[in-house]
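In: task: produce atomic coordinates for the following.
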Amino acid sequence: MARIGLAARIAKLEARRAKKRTANRVVFVDPATFEAKGFPCRGRVMVVVDYGTNAEWEVALTVQQRALIGAARS
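Out: Numbers count the residues shown, from 1 in each chain. Predicted coordinates for the structure are as follows:
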């Protein structure tokens, strides 16, 4: 008897539809100042740290590598 109830429960779970609506509320945060950009008015959000563009990354990487090489030589 329990198997019939279990089979019915599994069939019910498999037939259940997923929610079609997704909430894509993203807050971008500046890592230096922790200042939020584009903060939504309410609800849950995903916080994403904004490190800038690829060009900004390249400049920051070059500066960091030169500083590391200079510190290793001293």
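
In: what helix or strand is Tyr51 on?
Out: If you go by DSSP states H and E, Tyr51 is not part of any helix or strand.

In: for the helix or strand of the chain with the lowest mean pLDDT, which strands pair with it and how are they oriented?
Out: Across the helices and strands of the chain, mean confidence by mean pLDDT, DSSP states H and E is lowest for strand 36-37: a mean of 76. Partner strands for strand 36-37, per DSSP bridges, with pairing direction: strand 26-29 (antiparallel).

In: chain center to the least confident helix or strand of the chain: distance?
Out: 14 Å (Cα atoms, centre = their mean, to the nearest Å).

In: helix or strand next in line after that strand, which one?
Out: strand 46-49.

In: for the longest helix seen in the chain, the distance to its chain's centre please.
Out: Scanning the chain for the helix with the most residues, using DSSP state H, yields helix 54-73. Distance of helix 54-73 from the chain centroid (Cα atoms, centre = their mean) equals 26 Å.

In: using CSV, list the CA coordinates for that helix.
Out: What follows is helix 54-73, C-alpha atoms only, in CSV (Å, rounded to 0.1, in the frame of the first residue of the first chain):
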residue,chain,number,x,y,z
ASN,A,54,39.7,44.4,-19.2
ALA,A,55,41.9,47.5,-19.9
GLU,A,56,41.7,48.6,-16.2
TRP,A,57,42.6,45.0,-15.2
GLU,A,58,45.6,45.1,-17.5
VAL,A,59,46.9,48.4,-16.1
ALA,A,60,46.4,47.2,-12.5
LEU,A,61,48.2,43.9,-13.2
THR,A,62,51.2,45.7,-14.8
VAL,A,63,51.5,48.0,-11.8
GLN,A,64,51.2,45.1,-9.3
GLN,A,65,53.8,43.0,-11.2
ARG,A,66,56.3,45.9,-11.2
ALA,A,67,55.7,46.4,-7.5
LEU,A,68,56.3,42.7,-6.8
ILE,A,69,59.4,42.6,-8.9
GLY,A,70,60.8,45.7,-7.2
ALA,A,71,60.0,44.3,-3.7
ALA,A,72,61.7,41.0,-4.7
ARG,A,73,64.9,42.7,-5.8
